[in-house]
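Peer 1: here is my input; please provide its structure:
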Amino acid sequence: MGTPLLSALARCGCHARCQTMQVASRRRFLATGSASALALVAARAAQAQAPATERASETLTPETQRAVDRALTWLAKRQVGSGTHKGAFGQSGYQGGVAVCSLGGLAMMCSGSAPGQGPFGKNIDRCAEFLCTCVSDVGYISQPNHGQDNMYGHGFGTLFLSEYYGMSDRPDLDATVGEKLRKAVKLTCECQNDAGGWRYEPRKSDADLSITICNIMGLRAARDAGIHVPDPVRNKCIEYVKKSQNSDGGFRYQISHGGGSTFPLTAAGVVSLYSAGIYDGDQVEKALKYLLRYMPGSSASASGYFFYGHYYAVQAMWHAGGDYWTKWYPAIRDLLLKRQSGDGSWADSEVCPEFGTAMACIILQMPNNFLPIFTP
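Peer 2: A predicted model of the protein is given here:
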């Protein structure tokens, strides 16, 4: 894999300064997370006291909150309490993998619970414990002998552990979660290919936009939490995403094979640009207009990878704000509320109900603006 990037950093003369900057960055992350948590608690209290006519205009309506509460309670009951899969949301299949565990933990964080705190604090801790057991010696986050994880799971795992590490005030985490996270980031950087993207396996090969965005967001969250991510890695990510856009504003699966634009990949592409710090410009506007063709509830939006596409689309609209957000969010909110099962879960035929439920909760809770990774 060549010279490890973080080992090279450790040998450079500015290593002590880099460490100091990482600590300062993590303190800013903690301050942001704490402020967001306090603001969320205050908002929830004010919402509960406000007249029904006033609350009706809020995007996170009482009905939406009840749906989320039911869903998170269902998800918490699905979490494994003992054995080798303790902390996962199943013993096998997608449920037992790191991707679903990471998304389940993120969904709980979006509710206002934090590591060890709140109604789902212990569940979030269990997610972190499970994921840490899945980090290999070289930093690959994957359940051993679990072929369904690959670099999707690694990217989502890096994202969750970064949010967890950055939001916790426990000093002992640097020697446990912090160490695992640095290994995971090191692996991600080392297996980025020359074009700037990632593929299914943790090695340099070809790349696709879908897996690339998972790892871009993982790296951005890690950097926000004070973990060093080399600038060349970030710059190559941006170039890969830019080259993935078609003339119609949409994004394609691979730059090496061409192909048409799709709703899920375009949603992921816009979020990739935002994660790279590109918030406006012709590329962003063209992509947002492309996404509007797939307004939730329309026949066009019924394509495959529903939850995956809308997970990224709601982030794109949240960052875009204005009419994009005020039109999009109520549409996806109402659609999800109609589709919720009686037990509080959301079915998903392509992955599993734990995946669908976690994704739906993240989508619905976007207005909480709790997680730093989702903050515009």
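Peer 1: where does pLDDT dip in the chain?
Peer 2: 1-59, 145-148, 302, 376 (pLDDT under 70).
Peer 1: who touches stretch 328-335?
Peer 2: Here stretch 328-335 makes contact (Cβ atoms under 8 Å, 6 or more residues apart in numbering) with 59, 61, 64, 295-297, 310, 313-314, 317-318, 363-364, 366-367. Backbone N, C-alpha and C define where each C-beta goes, glycine included.
Peer 1: any of the residues you listed buried? List them.
Peer 2: Taking 16 or more other Cβ atoms under 10 Å as the criterion, what is buried in these is 61, 64, 296, 310, 313, 314, 317, 318, 363, 364, 366, 367.
Peer 1: check which element follows the helix or strand the fourth one falls within along the chain.
Peer 2: Taking DSSP states H and E as the criterion, residue 310 maps to helix 306-320. Once helix 306-320 ends, the next helix or strand along the chain (criterion: DSSP H and E) is helix 322-339.
Peer 1: list the buried ones in that next one?
Peer 2: 324, 325, 328, 329, 332, 333, 335, 336, 337.
Peer 1: now do stretch 244-257
Peer 2: When burial is assessed from 16+ other Cβ under 10 Å, stretch 244-257 yields the following buried residues: 244, 245, 246, 249, 250, 251, 252, 253, 254, 255.
Peer 1: where do the helices of the stretch 101-250 of the chain begin and end?
Peer 2: Here the stretch 101-250 of the chain has its helices, by DSSP state H, counting those that start in this stretch, at 121-133, 150-167, 177-190, 209-224, 231-243.
Peer 1: what's the most buried one of the ones you listed?
Peer 2: helix 150-167 (a mean of 27; mean count of other Cβ atoms under 10 Å).
Peer 1: which residues does residue 179 contact?
Peer 2: Residue 179 touches nothing, counting by Cβ under 8 Å, 6+ apart.
Peer 1: no, scratch that, I was asking about residue 341
Peer 2: Residue 341 makes contacts with 347, 353, as judged by Cβ under 8 Å, 6+ apart.
Peer 1: how near is it to residue 350?
Peer 2: Residue 341 is 16 Å from residue 350, where distance means Cβ to Cβ, to the nearest Å.
Peer 1: on that earlier part again, which two of the buried residues of stretch 244-257 lie the greatest distance from each other?
Peer 2: Using Cβ to Cβ, the two most remote members of these are 249 and 254, lying 17.8 Å apart.
Peer 1: before we move on, the earlier item: which helices and strands sit right next to the helix holding residue 310?
Peer 2: Helices and strands touching helix 306-320, by 3 or more Cβ pairs under 8 Å, 6 or more residues apart in numbering; DSSP states H and E, are helix 263-275, helix 282-291, helix 322-339, helix 353-364.
Peer 1: could I get these as a markdown table with distance to residue 80?
Peer 2: Below are the helices and strands packed on helix 306-320 laid out as a markdown table (distance: least, Cβ to Cβ, whole Å):
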| stretch | distance to residue 80 |
| --- | --- |
| helix 263-275 | 29 |
| helix 282-291 | 37 |
| helix 322-339 | 26 |
| helix 353-364 | 11 |
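Peer 1: of all these, which one comes closest to residue 222?
Peer 2: Between residue 222 and these, the shortest separation by Cβ to Cβ is 11.7 Å, and it involves helix 263-275.
Peer 1: next, the angle helix 209-224 makes with that closest one.
Peer 2: Angle between the axes of helix 263-275 and helix 209-224 is 30 degrees (criterion: axes from the mean of the first three to the mean of the last three Cα atoms, to 10 degrees).
Peer 1: ranges for the strands of the stretch 1-150 of the chain?
Peer 2: Applying DSSP state E, counting those that start in this stretch to the stretch 1-150 of the chain gives no strands.
Peer 1: what sits against residue 211?
Peer 2: Taking Cβ under 8 Å, 6+ apart, one finds 150, 151, 152, 155, 197, 198, 199, 200 in contact with residue 211.
Peer 1: go again using 10 Å as the cut-off
Peer 2: Counting by Cβ atoms under 10 Å, 6 or more residues apart in numbering, residue 211 makes contact with 150, 151, 152, 154, 155, 197, 198, 199, 200, 201, 268.
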